[in-house]
Each structure stands twice: as structure tokens, then as C-alpha cells.
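Engineer: Below is the sequence, then the predicted model.
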Amino acid sequence: MGEESTRAEADPLGGRGGRRAIQQMAIVGLIASALGIALGLAINWFPVQGSKQADKIDTLWNVLIICSVPVFVLVTTVVLFAARDFRMRPGEEHLDGPPIHGNTKLEVIWTAIPAIMLVSLCTYAYLVLHDIEKAPAAGSERNIAVHGQQFTWTFDYNEGGKKFSSAQLYVPVGESVHFNVTTKDVLHDFWVPAWRMKIDAVPGLTTHYRVTPTKLTPTDGYPVVCAELCGLGHAFMRQTAHVLSKPKFDAWVAKMTKPAATAPAATAPAAGGAAPAVDAKKLFSEGNQQTGATACGACHKLADAGTAGGVGPDLDTVLKGKDEAFIRQSILQPDAEVAQGFSKGIMPATYAKLLSKPEVDALVKYLEEVAAK
Amino acid sequence: MTVRVRQPGWTRAAAFMLCGAAFSVGISWLVRMLYGHGTYSHYLEAESFVLISMFVLPFAFLIGLGAFDYWFYWAAGKPTRPEDHSGHGATSWKSYFYPNTDHKVIGIQYTVHSFFFLFVGGLMAMLMRAELAQPGRQFVDSNTFNGLFSVHASILIFLFIIPVFAGLANYVLPLMIGAPDMAFPRLNALSFWLLPIAGVMMLASFFAPGGSFASGWTAYAPLSTSAPLGQMFFTIAVQFAGASSIATALNFLVTIITMRAPGMSFFRMPLLAWANFSTSLLVVIATPFIAASQFFVLLDYALGFNFFNAAKGGDVLMYQHVFWFYSHPAVYIMMLPGFGIVSEVLSVKSRKPIFGYRMMAFSLLAIVVLGFTVWAHHMFVSGMQSWIRVPMMITTAIIAVPTGIKIFSWLATLWRGVIRLDTPMLFALGFLTMFTCGGISGVVLSMIPIDIHVSDTYFIVAHIHYVLFGGSLFTIFAGVYYWFPKMTGRMYDERLGKLHFWLTFVFFNLTFAPMHLIGVKGMPRRVADYADQFATWNLVISLASFALGISTLIFAYNMIASWRGGARAPANPWRALTLEWQVSSPPPVFNFDQVPTVVGGPYEYGVPGAVHGIFAPPAAAEAKPTPAGTHAQPPTE
């Protein structure tokens, strides 16, 4: 090291790293933080805010943005200023920096301030958690049982002693709903992004959460998403949640509990008299959003419908030479006879409920035609 | 031929593996016959061949290759030479394909092997991004897609990040602490050769009937216990990767505790040694838990145990607890060695002592202790008992305090230095900013109400990549560039290095930053298809990720070309004080011709006349002791 010297010796003031540079850095940091926070708050991060819980969570998020941005800006600014001011200039190849080994006061400060910040944030988060999970102060709460299975959700209601189940979720606006979540097979996760809440469906357990929807849904509803990897059809385990006004919800319950209406779960609304002709190919490739019947093509390959699903058997090959009865059975009771290489219980046995009679007929007819080709 | 079969080597390994395969088939058939199932009617019944082979063949391979020879000779009472150096040091490139006891050879084996898997894992990411560029199905079906992300994560965690740190430390650490080698050189050789087994097994899973393991690297039961055979390739590969980790960690611990050069107290160790000491503590305590979790899965799958079968009294949440009790500390296993590397690079390249050396060391230990108290933050929405979430939230947030101490101390190290902005330094600075970003999103995730919304979304994907790519991988690049002259005796191409940094930095951010947005917006992770509203961002991410992939080719070219034809490296191109730079590049076979004596701290840059180690007799060594970490000179304005 011999003749090498430190920059402090060679360049005692240097104009770099002094009070002015720190002032300059503080100003730049403050401006950048302000801009960063403004940007962070301006971004429309979340999906639609559809529940009381969502409101509280979104506010917590904004607080976190306000606390986070300055930390990131602080680190980045110091790095950039250091790179600008202390970069090795030509002729400084043999210089060293000043031998500063530490500074107890600084170290105490940057231990204490983050610790205080984090504990405060935890306290706030705890209060939010308490708020979003507490039972409503007054009035009874609606319990809905949510059953997950590969790859669909079923919702069981108990409205005034009348029990029924639905493939789509319907809840009234403004009333707290308590979900009891179970699964028939593997782990799933019941998540409605618009409500922010989610919980795993765990074999052997019943898990819970509650939300109070605050916003009526548009006609196509909110997506109900499975958030825990549950196998091949995980990406297609989607249903819709509908938030209705109280009278509309009561009307829906009445319809569901009317004995005649139980067979095809949720009938097409506004269908009027005769059922419209079913477009079987469309039904195959897109499913029925109204009833929650997921698309056949999501899991099955069928060249004629242009679907390429690889979860279930390739219908172009397994249906060759099969008759109408076999196809109907395969749709309504999928476990009765399973194609080689596939196991039972993968295809939901809910289509008997979800599809109306005309829909099943149309599908069977369509598949029979395709198989005969 | 018989000679080659008798000698340790690849021929004998192949022969032993053939015998092992025959044994596996035989024992499976024998047991089945005794139970009255002597005939096989379906290929699924022959799965037991594969399962047994997956344990037998690796050992046959290792024994054949000679990894156990010395111990067998010793156990059998045959003559052994404790100072047998016949398998020490590389004589040609072929030496790297045999078990070698030289930590420098093993270090290069580890590093090159790990980078091979970085490219394999990266290629899988490219395939996934190609599939995700548009909604709907393009290239792969959902089984392959689930397999791709599972293998991508498993390979990059178990065969890249963890071993590449072990590899760099293997090379550098004994040199740094003035030791002639690691404490257990033969165990060291075995540790490395366990890795290719895990790697080959994970890749081979794609050829299993039913496709590769597809339940994520987390392999949550009961999806994993009911999956096709491919799942077992993960379950068993993890055992080998884990055994390798544990053996190496023990080796590091013993080496650091017992083999430091005279005069090197714990507080005169370079921070890389501290970092690996902390990491090794984590590994030996935590890794047995993932081994256990995967053995549970294996027993459930293969022998019909009911650990995770709720209908038979199994407990599904237990899997997650045991798994995360390893896998959260694993995050620190994948980060602490990087902290060590960055400490070395920042101090040397800023020409200043590490700011707050002792706090840097203590904060590592604090992370080790706290790291074991936060695992259930991965399970806030798992349905576990709800009260445990709050203490886990607090410990998770508090672990940011020691991490913050490190970040701020690094910043203070930069301040008023004479900063050389070359490639290792750029990656170290990139790490500082990107890891801060990942740390902040970690704190955000620790807040339970936020976590409830964003867990299992792309926000998690963004967070983990900011920590493991922007964090770990940036430090790995910094370390590889920094020690490249020492390891190869050649200088790398600085211009290509800088180009590599800037491309990586820009496209890394373009790839992973938007994932925060789409995650909060509601896009779940681990899906091959997604709602149309996310289409634009996904296309941007995919395009950026391809550019990110291409940028690593520059790195590969730079490394290969420089290794072959770069300028000769001097012993100490960075004017560093630590011991590894005081010997030639590459170092002599036994590291030090003279045992060094340590007389001062490792980072005394700017202290006039300071030295860390001398090669003179110890009597003269006490001349100028400069203890590290004392606040001898307060900062002056």
C-alpha cells in the first residue's frame, strides 16, 4: 500500500460528499419521494372495490405506498449520488477513501427508526385485520357453504330453512355473508378479487371468512377465482359472483326454491317462453356463463370446435364410434366409464345440474355428429 | 476392460448402475411375488422399479465413480493414506469430471454445473413466457405448463442459487481464511457429485408417464401425493440436493471454526466467511425439515401412508408447516451468502472499510435466529389457527430491521469512497436498489390484510423474483465477475460485462415490475391462461423476458471467451486486502506456500500502511494490529 494515500488526504475538502451534496441529495430525494408517492397513489391498483373489507384493505395499501416509496427513494438516491460524486476520476487509481469504520449514533438511528415504523405498521395492519374479520354488530348473518372440487365451485344455501345449491354465487348487497369453505379433493382457494378476501379450501377442515358486499355487480358478475394450484384445470376453475339488490336476491331465492326450478339450476333469465335454440359448438368451447357450466373445450381437445384442452381425454379420438347413450352418460355421469390413462373424479359430475335438458341434448347431438365424421 | 471396471470412474459407474437397475427390478418383483402379485398387468404396477431405482442408481453411480472408495478401504481395514493427494487438483479439463478433493476444483465444478442449470431453468421461463404472451393456449398444454413452472423453480432454487453460492464459497472461503483446503475434502467431493443426480432426476421427470412433477416447487399435499409418477422425481431429487447442502454446510462450519489462519479471530474474518457461517447454520438446522416433508409425500404416494389423507386422519396443513419451516429459512440460505459477496465487492470497490463491521456480522446472526420464527407468513390464507398470524406478521416485519442495518451500512460504505464502477460493482449497486425493492414488497406482504388479497397472485411472483433475481442473482453475477480473475487466471471483458449489467438491469425491471400491477389487479399465479384484461401487460412482460434471456447469452459468451483467451490476470487486480488476493491467480494447488498470519481487519482500506495478512513468521506479525470494527476514526466532515 506504501505510497498510496486516501482521498481525504489528497483532496481534503474536494467539494464532494460535503454538506452541500447532502442538502442537494435531500432535496432530490424529497422531490422523488413526492413524485413516487403521487404516482403510487394515482395508479389504479385494485380491481373494483366491492366490499367493506376492500375499502379498509385498499386504505392500508395506500398507507404502505406512502411509507415504502421514501425508503426506496432513499436507497436509490444515495446510490446514484455516490456513483456521481465519488466515482473514481482519472488519476485517482491509487487513492483510497477515508478509513471510516462506523458511527454508533447513525447505526442506532437506522436501527430504531425502521423498527418503530414497522411496529406501527403492524399495529395498524392488526387493527385492519380485526375490522375485516369481525362479525357484524347487529343483525343476523347469512351463511353460505362453499365446496371446492377439481375444477368447480358449488355454493350451498340455507334460506329460511330451505336448502338448495347453486353453481353461481348470488348474494344480496349490504348484508354480511359468512362463507364456510370445504373441499372434496385437493387444496383450492376461494377468492373473489373484488372483495379482496381469500381462504384455502383444505381437506378435512372448514375454513371461513366474511365479506359485506357494497356494490351491485354488472350483469356479468365478478369472477370467482381458485387461487391455489389444484391441478390441470386450475386456470379454468372460475365462476361468477353476483351481488343483487335485496328484492332481486329474494326473487332469485324464490326461484331456486320452487320445486320445478331445481332441476336446471339457474335458468336462463329473460328466456321467456320456449327455450332458444342451443348453439352446441359455442356451448362446448365457451361454456355457459349464466349457469356456471365451464366449457368442455377448456379440458378437452376437439378439432371441430377448435379447442385444445389437454386435461381430459382427446375427444377426437376417444369418441370415435361411440353412440349417443355413451356420450350422454359421459357428460352426466363422467365417472361411470373413464378413458384409459385418466382417473375418476377429474371431470366434475355437476353437468347434470348445470346444463338444461335442451343443452344436454344439443351437446350430445353435436358430439355424435362430430364423432361420426 | 476389466481393469476399467475395477478402477473408479465412469465405466465402473455405468456397470454398477446396470447392476443397480437389475437389483431394483429384482427386489420389486420379489416383494410383489411374496405378496402374491408376481405378474404385472399394467405399466403403472412397474412404477416400483423406477421408485427403487431412484434411490439405488444414484448410490451405484457414486460408488462406481469412486466417491466412497477411501471410506470403504478404511472401513474394510485395508491400507489407506490419509495424506493421499492423488485426486487433488486438476491436471486437465477431464479432471473436472471425476471426484476431486481440491476445493478449487470443486468450486469450479459447482459453479459451472450451477450455471448450466441456470440456463436450463431460464429456458423453461422463456417457454412459459411464450405461452403467456397471449391469453388462451399457444404452445403447451396445461400439464406441460404446470410442469414447466414447477421444474423451473425447483431447478433454480435447488440446483442453481443454493449450490452456486456453495460453489463460490467453496473456491474462495478456504483461501480467504488462510486454510489449505476445506476441513473434509472427500465429503466435499461427495457433496458436489450428489448435485448432478438431483439435476438429472428433475430434468428426467419430463419423460415420466403423466409428465413431470406439476404441483409447483412447493409440492403441496394432497395434490402431490395423488400426482402421476413425475412427482416422485422431485420428491427424491430434493433428498439428494438437500443431502449435498447439509454436507457442504457442515464442511463450511468446521472449516470456519477450526481452520482459520493464525491471528484471524472471528472479528477479523471477511464478511463472506461470516455470511457462509450464518448460512451453514441455517442449512444444517432447517434442511432436514424439507427432507422430512418430502419423505412424507413419498410414503403417502408409494406405500399408501395417510400423512396427508384427511379422510384417514391425515393432516394437510402439517405438510405446509414442515415444508415452510425449511423453505422460509431457505430464502435466507439463498440471500445471506449474497450479502457476504456484496460486502466484499462494495468495500474493495469503494476503497473504504465496511461501515459498522460488527453490526454487519451481528445482523447476519439476527437474521438466522429471526428466520426461524416467520415461516407461517406463507400460510396466512391456509386456514391454520388464526391467532398465529399476528406474531408471525410482527417477526416478519421485524426481520427487515437487521436487513435494513445491512443496507444502510452498505450505503455508508459507499459514501466518500473512491468508487470503481466496474462490472462487479455495478451488479452490487444494482443489487442494493433491487433488493430494497424486494424487501419493501416483502414488508408489504407481511401485512396480513394485504397478504390475504395478493397471496397466490403475480404480486408474489414479482416479489420472489425481486428477491431471488434482483437480490441473489445480482450478487452471484457480482461475485462471479469479482473472483473470475482468481478462479481462472484470466481477466473478463469489462465492456461486455457492463453491457450485460445494463441489459439485465433494464429488462429485469421491465419483466418483473409489471407483475406487481397485474398481481394486485387479480391475476393468479401458476395459470397457463388468464383473463383478457391482463393481455397487454403479459405481452410486455413476455417481450422483456426474452430480452432478459438474451442478455444472459452475453454473460455466457464473456465467460467462455475470457476463460479461453482473456488477458492474464495478476494476483491482485483489485488491490484487495483479503487473503485470497495475496496468492497467485489461480492459486497454487495447496493455496499457500507459507501459512499466512492475520494481523488486522480485512477491510482496512484508507488506513495508512494497514495489512490484513502477512506471510512472515508470527513474531513480526504483531507489529501493527488494527482490529476491525472499532470506531477508531469517526467520520470527519
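Structural biologist: That came through, no problem.
Engineer: Every contact and neighbour count from this point should use C-alpha atoms.
Structural biologist: OK.
Engineer: Which stretches in the stretch 101-250 of chain A count as helices?
Structural biologist: A:104-133, A:246-257 (DSSP state H, counting those that start in this stretch).
Engineer: List just the one of these that sits closest to chain B.
Structural biologist: Checking those against chain B by C-alpha to the nearest C-alpha gives helix A:104-133 as the closest, at 5.7 Å.
Engineer: wait, does that closest one contact chain B?
Structural biologist: Yes - using C-alpha under 8 Å from any C-alpha of the partner chain, helix A:104-133 reaches chain B at A:107, A:110-111, A:114-115, A:118-119, A:121-122, A:125-126, A:128-129.
Engineer: residues touching residue B:581, list them.
Structural biologist: B:486, B:571-572, B:575 (C-alpha atoms under 8 Å, 6 or more residues apart in numbering or on different chains).
Engineer: mind running it again at 7 Å?
Structural biologist: Residue B:581 sits next to B:571-572 when contact means C-alpha atoms under 7 Å, 6 or more residues apart in numbering or on different chains.
Engineer: what's the answer for residue A:296, then?
Structural biologist: A:284-285, A:287.
Engineer: repeat for residue A:348
Structural biologist: A:150-152.
Engineer: my read is it is in a helix, agree?
Structural biologist: No - per DSSP: H, G, I helix; E, B strand; the rest coil, residue A:348 lies outside any helix segment and is coil.
Engineer: Quick check on the residues of helix A:104-133 next to chain B: which are buried?
Structural biologist: A:107, A:110-111, A:114-115, A:118-119, A:121-122, A:125-126, A:128-129 (16 or more other C-alpha atoms under 10 Å in any protein chain shown).
Engineer: mind putting those in CSV, pLDDT included?
Structural biologist: Below are those laid out as CSV (pLDDT from 0 to 100):
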residue, pLDDT
A:107, 93
A:110, 94
A:111, 95
A:114, 95
A:115, 96
A:118, 96
A:119, 96
A:121, 96
A:122, 96
A:125, 96
A:126, 96
A:128, 96
A:129, 96
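Engineer: If you tally nearby residues, what's the number for the residue lying closest to residue A:159 once chain neighbours are set aside?
Structural biologist: Spatially, and ignoring its direct neighbours in sequence, residue A:159 is nearest to residue A:253 (7.4 Å; C-alpha to C-alpha, 6 or more residues apart in numbering or on different chains). Neighbours of residue A:253 under the rule other C-alpha atoms under 10 Å in any protein chain shown: 20.
Engineer: Likewise for residue A:151?
Structural biologist: 22.
Engineer: Now do the phi/psi pair for it.
Structural biologist: Here is the backbone geometry of residue A:151 (degrees, to the nearest 10): phi -130, psi 70.
Engineer: now residue B:9
Structural biologist: Dihedral angles of residue B:9 (phi, psi; degrees, to the nearest 10) stand at phi 160, psi -170.
Engineer: Let me know the pLDDT of it.
Structural biologist: The model reports residue B:9 with a pLDDT of 91.
Engineer: Then residue B:404?
Structural biologist: Reported pLDDT for residue B:404: 95.
Engineer: Nothing else from me, thank you.
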